[in-house]
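**Student:** test case, fold it:
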Amino acid sequence: MNFVLPDDCDRPRSDPSEDELDGLHFAAVIGGRRLYFAAIPSQARFRVTMARAWEMQTEALGSVIRLDTDMPGLRVCAPMEVEWADKHAEKIISEAVSVWRSIIRDCEAWEGN
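**Tutor:** Take a look at the predicted model:
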């Protein structure tokens, strides 16, 4: 994964591509679909979009919210994907929490230097 730190982390970063200007972007394959997670600067949440292997575009799935709490959750905005998202919610949330924690550790380590 290629991490770009959110704007609220003071760590210097290389010149991001235009796609990375909103913050961190990463991908994971869950339930046979490639999900793209994008950080929203200064918010403890990721926007989630998805793509199927046979499609050349992505569509919004929703958001993983409350990443800075013990109760993160998945909010789905794609009505036709609710059943699929419910089936894979635990894995989607787990992946988002894992990356969130690595970002926080990286920021805290940088601030400690």
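**Student:** C-alpha only now, for contacts and for neighbours.
**Tutor:** Will do.
**Student:** any stretches of the protein with poor pLDDT?
**Tutor:** 1-24, 52-53, 55, 106-113 (pLDDT under 70).
**Student:** can you pull out the helices in it?
**Tutor:** 82-112 (DSSP state H).
**Student:** measure the nearest residue to Val29 once chain neighbours are set aside to Ser42 for me?
**Tutor:** What sits nearest to Val29 in space, not counting adjacent residues and going by C-alpha to C-alpha, 6 or more residues apart in numbering, is Leu35, at 6.0 Å. When distance is defined by C-alpha to C-alpha, to the nearest Å, Leu35 is 22 Å away from Ser42.
**Student:** and for Ala28?
**Tutor:** 22 Å.
**Student:** same question, Ile30
**Tutor:** Counting by C-alpha to C-alpha - Ile30 and Ser42 are separated by 26 Å.
**Student:** and for Trp84?
**Tutor:** 29 Å.
**Student:** of Ile30 and Ser42, which one has the most company?
**Tutor:** Between Ile30 and Ser42, Ile30 has the larger neighbour count (other C-alpha atoms under 10 Å), namely 15 against 11.
**Student:** list the contacts of that one.
**Tutor:** When contacts are counted by C-alpha atoms under 8 Å, 6 or more residues apart in numbering, Ile30 is found next to 88, 91-92.
**Student:** mind doing that once more with 10 Å?
**Tutor:** Each residue near Ile30 by C-alpha atoms under 10 Å, 6 or more residues apart in numbering is listed here: 50, 85, 88-89, 91-92, 95.
**Student:** check Ile92 too.
**Tutor:** Ile92 neighbours (C-alpha under 10 Å, 6+ apart): 28-31, 35, 37, 48, 63-64, 73-74, 85-86.
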